[in-house]
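Asks: Test case, fold it:
(chains A and B)
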Amino acid sequence: MHLKFIDLYDRYFDDIYRYTYFKTGNKWETDDLVSEIFTKAYENFSSAKGSYKAWLFTIARNAITDHYRKKKEVVLGDDMDLYTYPHPFEEDLEKDEELKCLKSSLKMLSGDELEIISLRYFSDMKYGDIGKVLGKSEDAVKMKAFRTIKKLKTLVNNFMEGKK
Amino acid sequence: MKRMEDMDLDRAFEKIKNTLPVNHDLKRELRKNFIKKRKPSLWKKLAATAAAVAVISSAVFWTNYDPVERVSAAELNIQNHISFVDIGSSQPLHVSEHNGKLYMPVFGEGIFIYDGKGFTKINDEDTYYLRVSPDGKQLVFSSDGVLKTLDMASGKVNEILKGDGAEIYYEEPSWVDDHTILYVKKEIQFNDTHGFTVKESGIYSLDLITMNSVKLTDGEHPSHVNGMNSVVFSRDGKVMFLNLKSKSEEIVDDGRFPSVSPDGKYIAYVKTETSSKEVAKNARIDEAIEDIWIADTTDFSVKKKLTANYPHYFISADEWAGSLEPSDVPQVLEIPGTYSYYEPTWSSDSKSIYAVKSSSAQESGEAGNRVMRIDLAPETVSPANTVRRYLQALIARDDDYAKSLMKEPPEILTISNPHPVGYRITDEGTENGNSYVDAEVYWSYTANPYYQVIKSRYYLTAGASGYIIDSIKEDSTIEVYEREGSVYIAQRDDKEEIFKESDIPAEYLEGDSLRLASLAYNPDSDSIVFALQLVDSVKGDAIIRIMSYSRKAKSFKLVNDVKANDGVDDIGATGLTMDSDGNYAALEVYTQSGETFGRNAYAFDLKSGEGKDLSALFTSESAENISTNFWDEGRLVISATIDQQTVKCVYDPETGEMSSF
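Replies: The predicted structure follows:
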C-alpha cells in the first residue's frame, strides 16, 4: 500500500517542527519555515524515493539553510550548521541541575555535532536516515555520534563538578 | 550533587526534546491544505455513525429490562485501569475478590485482605493459589499439592485433598457454587536420571458435601461457566471450552489463565501476539507481546483486547543489526512486551478484572509486580474523565493504560524530580468541532522548596471505544520556589518576589535553625503553604512548622506543628502538597529512631489547622513508611509498606476516611 502525503504529515509534523524550532530558536520563523517545508514536500511528493523521513528532513534542512543564507548573506562553504543554531535555549530558566549542565554543554558543540544530536535525539531518526540527510555514510554518522556523545559526557561532567 | 555515572543521557535528551514546543494550531490549519477534496465526507460519516451507535447502545443499556440482555465483550469499554499494590515478594502472582475485598496470598507470610483499612493478615497459611467462594464465606486454596478450605467466620481450616508430596499434587482450585469446586490433579513421574514428566494433568469437580469427585477432561486452570453447564480451561497454549452435557470441546483462542465472569458472560485470558521483521540479511526481530483479552462465552469470535502492552526494546533494532557479523545462520532477537500479565480474575459483580502485571522496564522506576484492576461498562467515558484517567495513569505509572488513551503515544518517561503530585480538570468545551479539556498538573521537588503548575489543553476525538487524546498543548507554567532566603513566583518572563524568610513574624520562629524545607502553591486562592524546619529552643527537638501565606492578604498564618515524639529522635519534611482546591495540605516526613529510618505522612485542614497522622488509618501494626503519592483532585492517594507489599489507598480529607482503590 502506498503512503499518502497526509499520513507522512501526521506522522512527522512534530519531529519537523521540533527540529526547525531547535535550529531557529523562535516560533515565528519556525511557523513560516515549517509551512514552507511541507508545501515543498507536498509539491514534490510524487518524486519521493527511499526513506520518507530522510527525504522530508533533507527538504527541511535545505529550506532552513536557504533561509539563513538569505538572511545572513553567509558565504557558501561556511559551517552552515553553526549559523543555523544561533542560540538554542536562550531563556535558560532550567531548574533541573542535570539538564542545565547538559544544555550548557550542548552550546559548546560544533554545528555539525549539534545537527547529529538534534536529528538522532530530538527527531528520532535512525543513523542510516541521518546519513542520507547529511550526505554521509551510516558508519561515518555512527562514529561521529559516538564521539559527540563522549565529548558531551566529558563536558557535562566538567560542568557538574565545577558547580557547588 | 549527582555524578555523571548516574546520568542517563538518553533520558535527559528526551526531557530536552519535550521542552521543544510544537505549534498544534499550525499543524491543524496547515493540514487542511494537504487533504484531497474527494473524500471530505468520510470522516463526517464515521462520526455520524459513531454518534448513532452511541445513542443506540446507551438506549439498549438504559432500557435494559430484560435480565438476559447481553452486552457483548466488544461493546464493553474500559472505564478505568489502576494499579494499587506493589508486590515485594516474587510469588504468588494472583488475587481473588469478593464485594470489594481483595484476598491475596503472600508466600511465607499468609493470606491477606486488601480493603479500606489497608492490608491485613487473616491467616498464617502458606498459599500459592486461592479463590473466594461465590457467597464470600469460604476460601479454597492450595499449597504444595494440598487443597484446603478456610471458613471466614470461624477461621477454621479444613484439609480436603492431600497429595503425597512426591508424585501427586492437587492445584488451581476454583468454585462452581458454594459447595462444589473444580481442581487440577497432577501426577508426575520422576525420570531415571533427573527431572520429571507430567503423566497426567486432569481437571476434576468435587462436591464438598458428598466428597464425590469426577474427572472432566485433561488440562489446567479450570473456570466454571455459570448458567451454561460448561467449563473453560487451558491446554497446550489454547483456551478451551468444554460443554459438560455434550462433552464437546471447542477452541476459544490462543492463550492462558482463562477466567470466566461470575455472570457467565465473558472469558478473560492472557494472549501473546507475535510478529516478525527482517532487519538485515539472515537477521530478524521477533516481537512477542502479551495482553489481557476478553471473549464472549456465546460467540468466541467476539473479542476485545483490554491492555495496550508495547515492546520493550532493551537494545535498539539498529544497534543490534549493526552489531551483527554477516552470517549464513539466521539470527533472531526476541523482544518481549514491557509488561507480562498473570491470572486475570473477575470481581464478584462481574464488572472489573483484577490481575497482576509485571514490568520488565524496571529501570524506568516502575515496581516489578503490581496488582491492577480494569473496570468495564458499556458507557463511553467522557472527555473530562478520559483526561482524568490519563493523568492518574501517568502519575501512578500505569504506562500501558496512559498510552492506550493517546493517539500517538510518546515514549513516557520517569522523571524523579520534579515529579507530578496532583492534577485538576479546570474546563472543557469544543474548539472547531473538536472536544478539549483543560487541566492543571502540579509538580514538586523532593525535599526542596519548588512547586510548578502546568496548565495544558488536551484535544480529544471520539474513537470506537471512547475518547482518545489527539494532542496536548501546554498553555502556561507557574513556578514557585525559594532561593537565597526569598520565595519567588515565576511565569513566562516575569519573576516576582513573594516574601523573604525574614518577613515571617518572629513569634513563629524558634531556636536558631531555620530552613524552608518544602512548599506548595494553589493558583485559585493564590496562596502558598510551606514547611519550616525548626529546632525547639528548650528541648532541642526537631519541629516541622506548617504555615500558609496569602498573596491577597499579604499575611502569614500558622497551620500546625509536627514534632519529634516518643520513640522518634529526628524528623524532617520531605514533601508538602496541596489538594486542587487549596483546602488541604499533605506533609510527608522522614523519621529517625536510633538507626532506623522511616516515613510518615500527615494531612492538614488549612482553614482550621487541624492535622491528622495518616499512619493511624491502617489497621495492620506492621504498616510502615506511610507516603503521600498524589492528589487525585480532592482525594489524597497514600501508600504504606505492609509485610513487604506496598499498598495504595485513598484518603478523603472531607470525611477523614480511607478507602481502597
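
Asks: so where's the stretch 201-350 of chain B uncertain?
Replies: Residue ranges of the stretch 201-350 of chain B with pLDDT under 70: none are present.

Asks: got the residues of chain B near chain A?
Replies: For chain B, the residues found near chain A under the criterion Cβ under 8 Å from any Cβ of the partner chain are B:1-4, B:7, B:9-10, B:12-17, B:20-23, B:26-27, B:30-31, B:33-35, B:318, B:322, B:417-418, B:445, B:450, B:479, B:481, B:490, B:493. C-beta here means a position set from N, CA and C on the backbone, and glycine is covered the same way.

Asks: try it again with 6 Å
Replies: Of all the residues in chain B, those in contact range of chain A (Cβ under 6 Å from any Cβ of the partner chain) are B:1, B:4, B:7, B:12-13, B:15, B:17, B:20, B:22-23, B:26-27, B:30, B:34, B:318.

Asks: Looking at those residues, which two lie furthest apart in space?
Replies: The distance between the two most remote of those (Cβ to Cβ) is 49.4 Å, for B:1 and B:34.

Asks: More neighbours: which of those two?
Replies: Neighbours were counted for residue B:1 and for residue B:34 using other Cβ atoms under 10 Å in any protein chain shown; residue B:34 has more, 17 against 8.

Asks: quick one: the more buried one and residue A:6 touch, right?
Replies: Yes - in this structure residue B:34 lies within contact range of residue A:6 using Cβ atoms under 6 Å: 5.5 Å.

Asks: Overlap of the contact sets of these two?
Replies: Counting by Cβ atoms under 6 Å, 6 or more residues apart in numbering or on different chains, no residue touches both residue B:34 and residue A:6.

Asks: Now do the spatially most central residue of chain A, the pLDDT please.
Replies: With distances taken as Cα atoms, centre = their mean, the residue of chain A nearest its centroid is residue A:118 (4.1 Å). Model confidence at residue A:118, expressed as pLDDT, equals 90.

Asks: The spatially most central residue of chain B: what's it in contact with?
Replies: Nearest to the geometric centre of chain B sits residue B:83, at 2.0 Å (Cα atoms, centre = their mean). Contacts were defined as Cβ under 6 Å, 6+ apart; by that measure residue B:83 touches B:370, B:372, B:398.

Asks: Which residues are in contact with the last one?
Replies: If a contact means Cβ under 6 Å, 6+ apart, then residue B:398 has residue B:83 as its contacts.

Asks: swap in the first one?
Replies: By Cβ under 6 Å, 6+ apart, the residues touching residue B:370 are B:83, B:86, B:357.

Asks: again, only this time at 10 Å
Replies: By Cβ atoms under 10 Å, 6 or more residues apart in numbering or on different chains, the contact set of residue B:370 is B:82-87, B:339, B:355-359, B:396-398, B:646, B:648.

Asks: just to revisit the earlier point, buried subset of the residues of chain B next to chain A as a ChimeraX selection?
Replies: This is how ChimeraX selects the buried members of these, with burial counted by 16 or more other Cβ atoms under 10 Å in any protein chain shown:
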select /B:4,7,12,13,15,17,20,22,23,26,27,30,34
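
Asks: Sort out for me which of the residues of chain B next to chain A are in helices.
Replies: Cross-referencing the residues of chain B next to chain A with the helices (criterion: DSSP state H) gives B:12, B:13, B:15, B:17, B:26, B:27, B:30, B:318 as the overlap.

Asks: What is the burial count for residue 122?
Replies: Answering for chain A, as no chain was given. 20.

Asks: not what I meant, chain B
Replies: In terms of burial, residue B:122 registers 14 neighbours under the definition other Cβ under 10 Å.

Asks: Equivalent analysis for residue B:340, please.
Replies: Taking other Cβ under 10 Å as the definition, residue B:340 ends up with a neighbour count of 18.

Asks: Residue B:525 too?
Replies: Neighbourhood size, residue B:525 [other Cβ under 10 Å]: 16.

Asks: So it sits against residue B:550, correct?
Replies: Yes - Residue B:525 is within contact range of residue B:550, at 7.4 Å (criterion: Cβ atoms under 10 Å).

Asks: returning to what we had before: return the closest of the ones in helices among the residues of chain B next to chain A with respect to residue B:98.
Replies: Using Cβ to Cβ, the shortest approach to residue B:98 within those belongs to residue B:15, at 44.3 Å.

Asks: how near is the closest one to residue B:204?
Replies: As judged by Cβ to Cβ, to the nearest Å, residue B:15 and residue B:204 stand 56 Å apart.

Asks: so what pLDDT did the residue nearest to the centre of chain B get?
Replies: For residue B:83, the pLDDT comes out at 87.

Asks: Return the distance of it relative to residue B:376.
Replies: For residue B:83, the distance to residue B:376 under the criterion Cβ to Cβ works out to 17 Å.

Asks: Likewise for residue B:536?
Replies: Between residue B:536 and residue B:376 the distance, using Cβ to Cβ, works out to 54 Å.

Asks: ok, now residue B:31?
Replies: Distance check for residue B:31 against residue B:376: by Cβ to Cβ, it reads 35 Å.

Asks: Neighbour count: the two, which is higher?
Replies: Remark: of residue B:31 and residue B:376, residue B:376 carries more neighbours, 26 against 14, as counted by other Cβ under 10 Å.

Asks: The more buried one against residue B:351, yeah?
Replies: Yes - the pair formed by residue B:376 and residue B:351 meets the contact definition of Cβ under 10 Å, at 6.0 Å.

Asks: Identify the contacts common to the two.
Replies: B:76, B:79, B:261.

Asks: Please indicate which of these are buried?
Replies: Buried members of the shared contacts of residue B:376 and residue B:351, scored by 16+ other Cβ under 10 Å, are B:76, B:79, B:261.

Asks: So out of everything in the stretch 401-550 of chain B, what residue is nearest chain A?
Replies: Residue nearest to chain A within the stretch 401-550 of chain B (Cβ to the nearest Cβ): residue B:450, separated by 6.4 Å.

Asks: Could I get the buried residue list for stretch B:385-392?
Replies: Of the residues in stretch B:385-392, those buried by neighbour count under the rule 16+ other Cβ under 10 Å are B:385, B:386, B:387, B:388, B:389, B:390, B:391, B:392.

Asks: now it, how far from the chain's geometric center?
Replies: Using Cα atoms, centre = their mean, to the nearest Å, the mean C-alpha position of stretch B:385-392 is found 13 Å from that of the whole chain.

Asks: ok, now stretch A:59-75?
Replies: Between the centre of stretch A:59-75 and the centre of its host chain there is 14 Å, according to Cα atoms, centre = their mean.

Asks: Give me the buried positions along it.
Replies: Using 16+ other Cβ under 10 Å as the test for burial, stretch A:59-75 gives A:59, A:60, A:61, A:63, A:64, A:65, A:67, A:68, A:69.

Asks: Residue of the stretch 151-300 of chain B nearest chain A, please.
Replies: Chain A sits closest to residue B:279 of the stretch 151-300 of chain B, with a gap of 10.9 Å, by Cβ to the nearest Cβ.

Asks: List phi and psi for the nearest residue to residue B:633 once chain neighbours are set aside.
Replies: Counting by Cβ to Cβ, 6 or more residues apart in numbering or on different chains, residue B:580 is the residue found nearest to residue B:633 once chain neighbours are left out, at 4.9 Å. In this entry, residue B:580 is assigned phi and psi values of phi -70, psi -20 (degrees, to the nearest 10).

Asks: Could you report the neighbour count for residue B:580?
Replies: 22.

Asks: Spell out the secondary structure type for the nearest residue to residue B:509 once chain neighbours are set aside.
Replies: Nearest-residue entry for residue B:509: residue B:534, 6.9 Å, with adjacent residues in sequence omitted and distances by Cβ to Cβ, 6+ apart. When the structure is split into helix, strand and coil by DSSP: H, G, I helix; E, B strand; the rest coil, residue B:534 lands in strand.
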